[in-house]
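>>> please find the sequence and the predicted model below.
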Amino acid sequence: SRYGPKMPLAVDCTAELIRCKVLDSSGRLKSHELILSYGLALVRFVNLITERKQKMVSIPLRQLAREVDIPIWVVDLRHELTHGKLPRLALCRKGCDVVLDWLRKTYWSRQLGNNLCEESEDEDEEQEEVERNAELDNDAWE
């Protein structure tokens, strides 16, 4: 709250994504409303995080995402949310989980100065499964 309008992007994005998860677990919103809520948070995340790397010449989001190690399927999800048919709620939930994990590893572990970024083998396997499922969902869009 001390930062006011100059809140760090990672903090702002984390807050929005956690808000979506809390709303989801409350059971008060319909599926369509949750998709829109997750969608806005995911679109803002991709746009805000990649915006810092944008130069005078427009660089494709996929390239910018690769540079900061954001999975390409998250950029594709952002594209669908922005320009296409709305994806399924399950894919939005997966996107939220992956992005929160990215924020944890990239931002929060540094802020807390501890070993939060160390992953166990179980977390590696779980992440690989999420990415495989997302690729399947991505193929379904096409």
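Happy to help now that I have it.
>>> and the strand or helix carrying Val74, what does it pack onto?
Remark: Val74 resides in helix 72-83, with elements defined by DSSP states H and E. Using 3 or more C-beta pairs under 8 Å, 6 or more residues apart in numbering; DSSP states H and E, the elements in contact with helix 72-83 are helix 31-51, helix 61-67, helix 89-103, helix 121-141. C-beta: built from backbone N, CA, C; applies to glycine.
>>> can you tell me which of those helices the model trusts least?
Least confident of these, judged by mean pLDDT, is helix 121-141 with a mean of 50.
>>> which residue, other than its chain neighbours, is closest to the spatially most central residue of the chain?
Residue closest to the average C-alpha location in the chain (C-alpha atoms, centre = their mean): Val99, at 3.1 Å. Take Val99 and drop its neighbours on the chain: the residue closest to it by C-beta to C-beta, 6 or more residues apart in numbering is Phe45, 5.4 Å away.
>>> and that neighbour, how far from Gly113?
24 Å (C-beta to C-beta, to the nearest Å).
>>> how about Tyr38?
30 Å.
>>> tell me which of the two has more neighbours.
Neighbour count, other C-beta atoms under 10 Å: between Tyr38 and Gly113, Tyr38 has more, with 27 against 7.
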